[in-house]
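> I'll drop the sequence and a predicted model, then ask my questions.
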Amino acid sequence: MPHHCVMSLNVESLVESPLAAPRPLRLIDDTGRAANPDEAGGLVLPDPATLLSLYRRMVVARRFDVQVTALTRQGRLATYPSALGQEACEIAAVAALGPEDWLFPTYRDSMALLTRGVPAEHILASFRGDWHSGYDQNAHRIAPQATPLATQALHAVGLATASKLKRDATVALTLLGDGATSEGDAHEAFNFAAVWQAPVVFVVQNNQFAISVPLDKQMRCRTIADKAIGYGMPGYFVDGNDVAAMYAVTSTAVQNARAGQGPTLIEGLTYRMEAHTNSDDPSRYRDAGDLEIWRRRDPITRLDTYLGEIGALSDAERADIRAEAEDLAADTRECMTRSAPVDPLELFEHVYATPRAALAEQRAFLAVELAEHAAASVAADTAESSTAQSGGTR
Amino acid sequence: MTLHDTAPTPLPLRAPVTLTMAAALNAAIQDAMRDDPTVVLFGEDVGPLGGVFRVTDGLYAEFGESRVSDSPLAESGIVGTAIGMAMYGLRPVVEMQFDAFSYPAFEQIVSHVAKMRNRTRGRIQLPLVIRIPYAGDIGGVEHHSDSSEAYWTATPGLTVVSPSNPADAYSMLREAITSDDPVIFLEPKSRYWAKAELSLPVRTAAMNTAVVLREGTDVTLIAYGPTVKTAVATAELAVAEGLSIEVVDLRSLSPFDDETVGASVRKTSRAAVLHEAAQFGGYGAEVAARLTERNFFHLAAPILRITGFDIPYPSPKLEEYFLPTPDRILAALGTWEWN
Ligand SMILES: Cc1ncc(C[n+]2csc(CCOP(=O)(O)OP(=O)(O)O)c2C)c(N)n1
Ligand SMILES: [Mg+2]
């Protein structure tokens, strides 16, 4: 098999190696039919009950994402990076994990958080500007959503290695973007994971853009999964809009990691259907026609067709799932009407485990300032005087 | 080839136009690239998108892929390759998308950008500009509002500047691009949309000097980048209280213009320095210490630092409690013994 990334290496051994297929692995094709066996690469189709559960979670997560995007357009959130169109990757990654495992997500992966049980209100706390990470990371076993790109991949490798050293069964899974794989930290994470045989799974969501920059400006090899070869770990190039294939590959990788077989790199080929965030304007850098092509590859539509045709999804079930999604959307809207409990004095509470006099002093300063402002506004309200300003004590 | 070499033929002034700071920076890069074919620009999203703040808007269309390009997404790579380009006769202008995203490039900046000239006894110099959208007050989510100036000013070998208005933005960026020393160019995000009427190519004071923006007799407020606006607002408020505040816009953090700032402090005998960054080990400590050392007997009161708290930059809803405000500044000035 010709492979232009390789020059003088032993080509025979590469053929034996788990080099990613040039076409993405898939189990259910764009039209919702079972894929040809040669496309499945030996993957086993999950049973209908599993597929139905994946379907339900994708529908619910999408409804959440669409709702949050709408709220963001209304100016109710500071920012929101949508993962519309990437449901198969997001949901498969979470479905592959056990409760004892850890997830290391990015800003993009709110759907994954939702699917792992984080309440909408807690997910949105950071995006509406209340606090940096609004959920209980330990309870959910989800690290804070990482913004500095690829940095979380190293944390996942470290946690997984600690689990291995302690002889625990915990596996770590980290989500990364295609652009993030250019960062040094991504490469260091891949290499550490392989050298240490860490029980970690890298799921790269190749949505083909890093803000405005297409993947061909990031790299010249065929696939991101190909990079796994260079680090000495298995790599899989998967149709990221086929939740069946994503789930089959990811759950196998998690099981392998748990069984002591080390890390896996999985690339899900997908597409970012929305703007990078609400402050982005994709018309500056990509062809709207591509959206149409990817709409036809929609992960939910194709699974809907497949399940309908095998008789595993009735209209009653569709309505039931729809209702669950609408309830969540209503709850999400409702939680945005409640004002967030932000306390300025909490700013000083969590910086250090060991209390510091300097911070106590600064906290006291702010407390006085807040009390003065409160008093001044009461004074202004009662129209007594508006001159009770702070300062000017000369 | 560079502006320095062609100094005698300044470009004719164009008709005045109203420009935001982002547009003024854009015009500075555009004019520099038109004047000097060795100026190249690269970074994340600086090409067709024109940068997330649109500072490089239209440059890809005008100059093409060979001079304006979207690089792979890797800050250490961006700065490291800019070093190599500068060694081979180019003048790279690179962008770190936000201050906190410059940290992967820390090694390249601190160990190489800053030290190359010295370790090679001046044989290799690095005429490159690292543009960094800087500081907060834009309601940004975490990692989008850091003030990292003290990391750079604590590093010998770096020139660190920050404009506070569109005219300086244009003039200082053009000067930075022609400088034979590497420049860390801190662009206050909260000022990107500030407007001014400019006739380009505008030349303001030299990049490495401070300017007295507003004269006063009682106190010198020393500010730079985003806090200059706060200082001016404070001075305006203080008039009603009978307090005359002189505002100094540092513009250059490293080098520090001892002459201009020292003269102002000796005149007013009182000074406070403002920044968004945390106080402990912050840039204000250097300002207060060196002004005190040199002007101790002219001072009527200790120099104050009025800054962000010693905590990580807060989430958007709490940022207003963190940033120095005119009220907070006036209150701080009120803690001095006056008379
Ligand atoms: C170290 C670092 N550099 C730059 C950024 C700014 N930034 C945020 S998202 C992004 C694009 C990331 O693209 P990708 O990894 O493909 O993920 P996607 O957003 O497509 O999910 C950039 C450049 C950042 N967050 N961190
Ligand atoms: Mg991407």
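Nice, thanks for sending it over. Ligands and ions are numbered 1, 2, ... in the order given.
> OK, contacts around A:Glu90?
A:61, A:83, A:109, A:111-112, A:115, A:175, A:205 (C-beta atoms under 8 Å, 6 or more residues apart in numbering or on different chains). The way it works is simple: take the backbone N, C-alpha and C, and place the C-beta from them, glycine included.
> what about the helix or strand hosting it, distance to the chain center?
Taking DSSP states H and E as the definition, one finds A:Glu90 inside helix A:87-95. A distance of 9 Å separates the centroid of the chain from that of helix A:87-95, by C-alpha atoms, centre = their mean, to the nearest Å.
> That one and ligand 1, are they touching?
No - Helix A:87-95 lies out of reach of ligand 1 by C-beta under 6 Å from any ligand atom, never closer than 10.2 Å.
> Dump that helix to CSV, keeping only the CA atoms.
Coordinates of the C-alpha atoms in helix A:87-95 are reproduced here as CSV (Å, rounded to 0.1, in the frame of the first residue of the first chain):
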residue,chain,number,x,y,z
GLU,A,87,-23.1,14.5,18.1
ALA,A,88,-21.8,11.0,17.0
CYS,A,89,-18.3,11.7,18.3
GLU,A,90,-19.5,13.5,21.4
ILE,A,91,-22.0,10.8,22.4
ALA,A,92,-19.9,7.8,21.4
ALA,A,93,-17.0,9.0,23.5
VAL,A,94,-19.1,9.3,26.6
ALA,A,95,-21.0,6.1,26.0
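> So for it, mean pLDDT?
Mean pLDDT, computed over helix A:87-95, is 98.
> Quick check: the gap between the residue of chain A found nearest ligand 1 and ligand 2.
Nearest to ligand 1, among the residues of chain A, is A:Gly177, at 2.1 Å (C-beta to the nearest ligand atom). Distance, A:Gly177 to ligand 2, by C-beta to the ion, to the nearest Å: 4 Å.
> Who are the contact partners of that residue?
A:106, A:108, A:149, A:204-207, A:210.
> how is chain A carved up into domains?
A:44-337, A:344-388 (automatic domain parsing).
> Need the phi and psi values for the residue of chain A closest to ligand 1.
When read as degrees, to the nearest 10, the backbone of A:Gly177 gives phi -90, psi 170.
> pLDDT score assigned to it?
pLDDT, read off for A:Gly177, is 98.
> is ligand 2 contacted by the helix holding A:Glu90?
No - no part of helix A:87-95 sits near ligand 2 under the criterion C-beta under 5 Å from the ion; the closest distance found is 11.1 Å.
> quick one: buried residues of that helix?
A:87-95 (16 or more other C-beta atoms under 10 Å in any protein chain shown).
> give the contact list for the residue lying closest to A:Gly184 once chain neighbours are set aside.
Using C-beta to C-beta, 6 or more residues apart in numbering or on different chains and skipping residues adjacent in sequence, the residue nearest A:Gly184 is B:Ser76, 5.4 Å away. Shown in contact with B:Ser76 (C-beta under 8 Å, 6+ apart): A:184, B:104-105, B:107-108.
> Need the three-state assignment for B:Ser76.
At B:Ser76 the chain is in helix, as set by DSSP: H, G, I helix; E, B strand; the rest coil.
> what's the answer for the one 10 residues further on, then?
Assigned with three-state DSSP, B:Ala86 falls in the helix class.
> Let me know whether it touches B:Arg117 as I believe.
No - at 10.7 Å, B:Ala86 and B:Arg117 do not qualify as touching, with contact defined as C-beta atoms under 8 Å.
> can you list the weak-confidence ranges in the chain?
Chain wasn't specified; assuming chain A. Applying pLDDT under 70 to chain A flags the ranges A:1-21, A:383-394.
> hm, I was asking about chain B
Ranges of chain B meeting pLDDT under 70: B:1-11.
> and the residue of it found nearest ligand 2, how many residues sit next to it?
Of all residues in chain B, the one sitting closest to ligand 2 is B:Leu73 (9.2 Å; C-beta to the ion). By other C-beta atoms under 10 Å in any protein chain shown, the residues close to B:Leu73 number 28.
> Give me the phi and psi angles of it.
Torsion angles, degrees, to the nearest 10, at B:Leu73: phi -80, psi 80.
> check contacts around whatever residue of the stretch 51-200 of chain A ends up closest to chain B.
Closest approach of the stretch 51-200 of chain A to chain B (C-beta to the nearest C-beta) occurs at A:Gly129, with a separation of 3.1 Å. Counting by C-beta under 8 Å, 6+ apart, A:Gly129 touches A:77-78, B:139, B:141, B:315-317.
> Among those residues, which one lies nearest to ligand 1?
B:Val141 (10.3 Å).
> how about that closest one, what does it touch?
A:78-79, A:126-127, A:129, A:132, A:147, B:315-316.
> Return the subset of those residues lying in helices.
Counting by DSSP state H, the part of the contacts of B:Val141 found in helices is A:126-127.
> of the contacts of B:Val141, list those near ligand 1.
Near ligand 1, by the rule C-beta under 6 Å from any ligand atom, you find A:Thr147 out of these.
> Quick one: the contacts of B:Val141 as CSV, columns for distance to ligand 2 too.
As requested, the contacts of B:Val141 are exported to CSV (distance: C-beta to the ion, whole Å):
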residue, distance to ligand 2
A:Ala78, 21
A:Thr79, 16
A:Ser126, 20
A:Phe127, 18
A:Gly129, 24
A:His132, 22
A:Thr147, 14
B:Ser315, 25
B:Pro316, 24
